[in-house]
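A.B. asks: Everything below, folded, please.
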Amino acid sequence: MAYITQYKYYENDGNVREDANWGSYQYVSLYDVVNNFLLMYSGNHSLVNNEERYKIMFHAKRAVQELNYDAFKEIKVLELNVTDQYRFVLPSDYVNWVRVSVYKNGYLHPLTENIQVNYASAYLQDNTGRILFDIDGNALSPEFSDIDYDRIRGSQRTMYLNDGHPFNGYEGYCCGGAWYFDAPFGEGWFSLNTETANANPTFAIDKTMGVINFSSSIGDNRVILEYVSDGMENGDDSKVHVNKMFEDYVYAYIEYAILNSKLGVQEYVVRRALKKKGALLRNAKIRISNIHPGRLLMNMRGKDKWIK
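C.D. replies: Sure, this is the predicted structure:
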């Protein structure tokens, strides 16, 4: 970004949101990346020449998206209450989740993803099982399926060791990594997989509907979602930026993408551009890994713990 005065950095020239420029020196804007590429990496004496600005902008955005997925490590955090249907609507810029937690008694309690199906769509049917349609020929659907109703009412059984588990409150025995419970006479022994033994609420993400479904034990607690975005800032290009440690990589990405899609470019030139892009990405990841001696010392101290 352009250099700004200290007053503008700390106070935003007295405008609302005085924190608008805090930490901004770490980044370079998308517009600056495109302008710099056109000035320094494009022209008659460069491999890339006579390329339209919109193409360079497209490839720059693709580079930013790829970096946001697995390199930037810039995780967004959102706190919300779940709805009466025990749902949490995914953020508008959501791409993938990192961790889902419930905030209770001043602590964050990480939740376990429910590998069971706890939501479903359904169709209205008559007493013969035939699907009912409206006058336009579309299948009629109820507000909630039976599975959703059971989840909301808290009557849905689960393999997880919480209020919904059939043996909640029973005395159990752990043998060979599995929990066993005494059942009433004639029902035999039942085993619980310790992989799913979790007393906290569980969740399952419905990507199609854009919601997170929770078990009814979530109650009215606040939910914290840590997630990854694609960095496109809901389509506002003026807010898209790149960490300066990855700036050279973005230039190399644009150069490779253009050369790789062009006709008549020698194969060795494309391979050289690909190799350059990969090397710059590895260097940037090492730089941003932020390995401090203090953090290494903390990990080494952790080895001194007594395990009982």
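A.B. asks: For residue 79, which residues are in contact?
C.D. replies: 103, 222-225 (Cβ atoms under 8 Å, 6 or more residues apart in numbering). For every residue, glycine as well, the C-beta is placed using N, CA and C.
A.B. asks: Now list the buried members of these.
C.D. replies: Of the members of the contacts of residue 79, the ones counted as buried by neighbours, 16 or more other Cβ atoms under 10 Å, are 223-225.
A.B. asks: Need those residues in a markdown table (columns: secondary structure).
C.D. replies: A markdown table is the format used below for the buried ones among the contacts of residue 79 (DSSP: H, G, I helix; E, B strand; the rest coil):
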| residue | secondary structure |
| --- | --- |
| 223 | strand |
| 224 | strand |
| 225 | strand |
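A.B. asks: for those residues, which one is nearest residue 301?
C.D. replies: Nearest to residue 301 among those is residue 224, at 27.9 Å by Cβ to Cβ.
A.B. asks: what's across from the closest one in the sheet?
C.D. replies: Counting by DSSP bridges, residue 224 forms beta bridges with residue 79, residue 101.
A.B. asks: and the gap between it and residue 107?
C.D. replies: Residue 224 sits at a distance of 11 Å from residue 107 (criterion: Cβ to Cβ, to the nearest Å).
A.B. asks: try residue 225
C.D. replies: With distances taken as Cβ to Cβ, residue 225 is found 17 Å from residue 107.
A.B. asks: What of residue 215?
C.D. replies: Shown here: residue 215 relative to residue 107, a distance of 19 Å by Cβ to Cβ.
A.B. asks: Could you check which of those two has the larger neighbour count?
C.D. replies: More neighbours sit around residue 215 than around the other of residue 215 and residue 107, counting by other Cβ atoms under 10 Å; the figures are 25 against 8.
A.B. asks: got the contact list for the lengthiest helix in the chain?
C.D. replies: Using DSSP state H to assign secondary structure, the helix with the most residues in the chain is helix 267-288. Residues outside helix 267-288 that contact it (Cβ under 8 Å, 6+ apart): 47, 71-73, 243, 245-246, 248-249, 252-253, 255-256, 259-260.
A.B. asks: In helices, which of those fall?
C.D. replies: Counting by DSSP H, these contribute 248-249, 252-253, 255-256, 259-260 to helices.
A.B. asks: Among these, which one has the most neighbours?
C.D. replies: residue 249 (25 neighbours).
A.B. asks: Surely that residue touches residue 63?
C.D. replies: Yes - using Cβ atoms under 8 Å, residue 249 and residue 63 qualify as a contacting pair, with a distance of 7.3 Å.
A.B. asks: low-scoring stretches of the stretch 201-308 of the chain, by residue?
C.D. replies: Along the stretch 201-308 of the chain, the parts satisfying pLDDT under 70 run over 302-308.
A.B. asks: what do you get if the cut-off is 90, keeping everything else the same?
C.D. replies: The model of the stretch 201-308 of the chain has pLDDT under 90 over residues 201-204, 206-209, 211, 213-222, 234-235, 263-264, 286-308.
A.B. asks: and what of the stretch 1-150 of the chain?
C.D. replies: For the stretch 1-150 of the chain, the stretches flagged by pLDDT under 90 are 1-4, 13-21, 43-47, 49-50, 69-75, 80-89, 103-134, 136-150.
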